[in-house]
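Q: coords please:
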Amino acid sequence: MATDTLEKDGPRGVFDASKDGEILYNYHQLHMPLEKDIDAVFCLCSLDPRVAVHAAQLFLDGYGDYLIFAGGVGRLTQGRYDKPEAEVFADIALEMGVSKDKLLVEPHSTNTGENIRFTYALLQQKRLHLNSFLLVQKPYMERRTYATFKKQWPDPDAKIAVTSPQLKWSEYPNESNPEDLVINIALGDLIRIRDYPSKGFQIPQNIPDDVWEAAQRLIRAGYTSHLP
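A: Residues are numbered from 1 along each chain as shown. As a prediction, the model looks like this:
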């Protein structure tokens with residue numbers, strides 16, 4: 001558990017970065033109901049291969065007719081993989097038994113908006129008319145993925161739900177995704193949720209006071225490496 005002491009805005013007190021990280025982590029998750037009767041599982045790729053495993057298992061469990069992986073080389077995967085994120089994740093799905101003819105791979109996008117727009121273009125190119133998706137992401141990117149899809153997917157009638165590996169905060173950080181990195185990313189995504197609607201990137205999302213207060217404590221403590 002990461003703790004620091006802050007002497008800001010009041011009496012000296014103990015600051016618990018891990019506890020505030022958990023507040024953000026929980027806020028980012030939507031806990032949406034899932035339905036198997038969808039056109040595709042759509043995995044937005046990243047630095048965490050557990051997301052690929054979860055997406056592939058959902059597909060193998062009968063969710064969707066296709067399994068989509070979208071992601072090129074982003075800020076957080078530069079130098080981590082030797083090929084685009086989507087190809088790394090597709091390899092995991094193939095190893096798990098997903099048939100290659102059910103895979104759709106978009107290997108050029110570098111952020112969430114491009115994941116969505118480039119995948120739409122890929123479907124148009126292949127003349128696939130899909131309009132219901134189960135989006136799969138990291139737990140702390142569910143909300144921003146939902147808000148971005150609702151704004152940037154060209155078909156407003158598309159039906160979506162969002163899910164992620166079912167891991168509690170205490171279970172999520174690991175050697176490849178250490179707690180401090182996860183907190184930095186989750187905090188940066190919260191600021192994007194606040195700022196990006198005005199830029200036309202996402203639909204608005206409510207941010208409760210306790211979540212925003214946790215974010216401010218983390219910023220004062222120096223968790224700023226992923227801020228926009």
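
Q: which residue is nearest the middle of the protein?
A: By CA atoms, centre = their mean, the chain has its centre lying nearest to residue 141, at 3.1 Å.

Q: Give me the neighbour count for residue 85.
A: 30 (other CB atoms under 10 Å). Heads up, the C-betas are built off the backbone N, CA and C, glycines and all.

Q: swap that for residue 27, sorry
A: Neighbours around residue 27, by other CB under 10 Å: 24.

Q: Surely it is in a strand?
A: No. Judged by DSSP: H, G, I helix; E, B strand; the rest coil, residue 27 forms no part of a strand; its state is helix.

Q: need the strands for the protein, in chain order.
A: Per DSSP state E, the chain carries strands over the ranges 3-6, 13-16, 40-44, 66-70, 103-106, 132-136, 159-163.

Q: residue boundaries of the helices in this protein?
A: In the chain, the helices defined using DSSP state H lie at 17-28, 50-60, 85-96, 112-125, 142-152, 179-199, 209-220.

Q: Quick check: which ranges of the protein have low pLDDT?
A: 1-14 (pLDDT under 70).

Q: Let me know which of the helices of the chain is the nearest to residue 170.
A: Residue 170 sits nearest to helix 17-28 of all the helices of the chain, at 8.1 Å, using CB to CB.

Q: can you state the direction angle for the closest one and helix 142-152?
A: 40 degrees (axes from the mean of the first three to the mean of the last three CA atoms, to 10 degrees).

Q: returning to that earlier point: just give the nearest non-adjacent residue to the residue nearest to the centre of the chain, would you?
A: Nearest non-adjacent residue to residue 141, counting by CB to CB, 6 or more residues apart in numbering: residue 189, 6.1 Å away.

Q: Please report how far the one you found lies from residue 45.
A: Distance of residue 189 to residue 45, given as CB to CB, to the nearest Å: 16 Å.

Q: Neighbour count: those two, which is higher?
A: A direct count of neighbours by other CB under 10 Å for residue 189 and residue 45 places residue 45 higher, at 31 against 24.

Q: pretty sure the more buried one contacts residue 90?
A: No. Counting by CB atoms under 8 Å, residue 45 does not reach residue 90; the two are 9.0 Å apart.

Q: Next, show the common contact partners of those two.
A: Both residue 45 and residue 90 are in contact with residue 69, where contact means CB atoms under 8 Å, 6 or more residues apart in numbering.

Q: Quick one: neighbours of the closest residue to residue 200 other than its chain neighbours, just the number.
A: Closest residue in space to residue 200, ignoring its immediate chain neighbours: residue 151 at 7.2 Å, by CB to CB, 6+ apart. Applying other CB under 10 Å, we find 17 residues neighbouring residue 151.
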